[in-house]
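Student: pasted the sequence and its predicted model underneath.
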Amino acid sequence: MNKKGSFTVEAAIVLPIMILSLLALISIVSIYATGENMVFSMCDEMMLADIKTAFSEESLSLPAMTLLRVNSENPGLSYALVTEYDYLHEDDGMKDLISMRISGSHNVPGPFSGFLVLDEKVRGRAFTGLYKPTPEGDNPAEEDYPEIVYVFPMRGEKYHNRECTFLNPACQQVFLTEKIKSKFGPCSICKSIEAKPGESVYCFFNDGNVYHRGKCSMVDKYYIEIEKKDALAEGYMPCMACGG
């Protein structure tokens, strides 16, 4: 065999392998891009749903809108289905979670033609009007929850725990949501019926049945939730009665 013939044989062996490798790489990039785009669409719609819960609890639009978007933005998918959906559920002690999983079949073109199943899941926490810090990390069970205390921002130098008797006669600052409206009626004194969704309102959770605006004469002393580390950083000291 001469040198020219040797090159021809090598090319005949190597070239198909290179072409197949290139096609495989293109397929992998396409599949990876579809998976990333699915996650982006799901997260984007989840964020909107988390915000909407501040005004109303509507559980059907999120999976429908997300599925429509995923299918329209990913032509490589032969199908996509919502295989898991849980609205305002509780897990590991954290409430008001929204979880959604979408599975889809990606059409793999070329010599490796076939279908590859993509399975993506996202989880968010709905805005419900109360400040609840979310642990960092993918698995909340493996993280320590921030310690929450209660302070009187307009008066007082102490921080308290939830059982402290100093909280009983006071009202708590929250944000007006459908949940608050379902538990409390508007105050006739300050006409809190005019308050807008998401506006700060004040509720006596222990013995009250109406929500107030900040200008109401009933709102003399109110407390808010805050992380203990932030309370200490702002100079608050533990309550002598409850120990904080």
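Tutor: That came through fine.
Student: show the contacting residues for the residue positioned nearest the centre of the chain.
Tutor: For the chain, the residue nearest the mean C-alpha position is Gly124 (2.1 Å; Cα atoms, centre = their mean). Counting by Cβ atoms under 8 Å, 6 or more residues apart in numbering, Gly124 makes contact with Cys43, Met46, Met47, Ala49, Asp50, Leu97, Ile98. Yep, even glycine has a C-beta here, placed from its N, CA and C like the rest.
Student: quick check, nearest of the residues you listed to Met65?
Tutor: Among the contacts of Gly124, Ala49 lies closest to Met65 (Cβ to Cβ), at 8.5 Å.
Student: distance check, that closest one against Ala126.
Tutor: Distance, Ala49 to Ala126, by Cβ to Cβ, to the nearest Å: 7 Å.
Student: would you confirm that Phe205 contacts Gln173?
Tutor: No - counting by Cβ atoms under 8 Å, Phe205 sits too far from Gln173 to count as a contact (11.3 Å).
Student: out of the contacts of Gly124, which end up buried?
Tutor: By neighbour count, with 16 or more other Cβ atoms under 10 Å, these hold Met46, Ala49, Asp50, Leu97, Ile98 as buried.
Student: tell me the SS of the second one?
Tutor: Look at Ala49: counting by DSSP: H, G, I helix; E, B strand; the rest coil, its state is helix.
Student: assign the residue lying closest to Met47 once chain neighbours are set aside to helix, strand or coil.
Tutor: For Met47, ignoring the flanking residues on the chain, the nearest one in space by Cβ to Cβ, 6 or more residues apart in numbering is Gly124 at 6.7 Å. Classification of Gly124 using three-state DSSP returns strand.
Student: who does Gly124 form a beta bridge with?
Tutor: Ile98 (DSSP bridges).
Student: how near is it to Ser200?
Tutor: 23 Å.
Student: again, but for Ala126
Tutor: 18 Å.
Student: ok, now Ala49?
Tutor: From Ala49 over to Ser200 the distance is 23 Å, taken as Cβ to Cβ.
Student: same question, Leu116
Tutor: Distance of Leu116 to Ser200, computed by Cβ to Cβ: 49 Å.
Student: same check on Thr165?
Tutor: 25 Å.
Student: now Ala241
Tutor: Remark: distance between Ala241 and Ser200 (Cβ to Cβ) = 27 Å.
Student: wait, Glu73 sits on Val39?
Tutor: No - taking contacts as Cβ under 8 Å, Glu73 lies outside contact range of Val39: 11.8 Å.
Student: these two: which has the busier surroundings?
Tutor: Set side by side, Glu73 and Val39 show more neighbours around Val39, with 16 against 13, by other Cβ atoms under 10 Å.
Student: mind telling me what element that one is part of?
Tutor: Taking DSSP states H and E as the definition, Val39 sits inside helix 3-52.
Student: same check, this time on Leu116
Tutor: Secondary structure from DSSP H and E places Leu116 in strand 114-125.
Student: what residues sit buried inside that strand?
Tutor: Within strand 114-125, the residues that count as buried by 16+ other Cβ under 10 Å are Leu116, Leu118, Glu120, Val122, Arg123, Gly124, Arg125.
Student: can I get those residues in TSV including distance to Arg69?
Tutor: Below are these laid out as TSV (distance: Cβ to Cβ, whole Å):
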residue	distance to Arg69
Leu116	21
Leu118	15
Glu120	13
Val122	13
Arg123	18
Gly124	16
Arg125	21
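Student: low-scoring stretches of the chain, by residue?
Tutor: 1-29, 54-58, 108-115, 128-145, 244 (pLDDT under 70).
Student: can you rerun that using 90?
Tutor: Along the chain, segments meeting pLDDT under 90 span 1-98, 103-184, 187-210, 212-237, 239-244.
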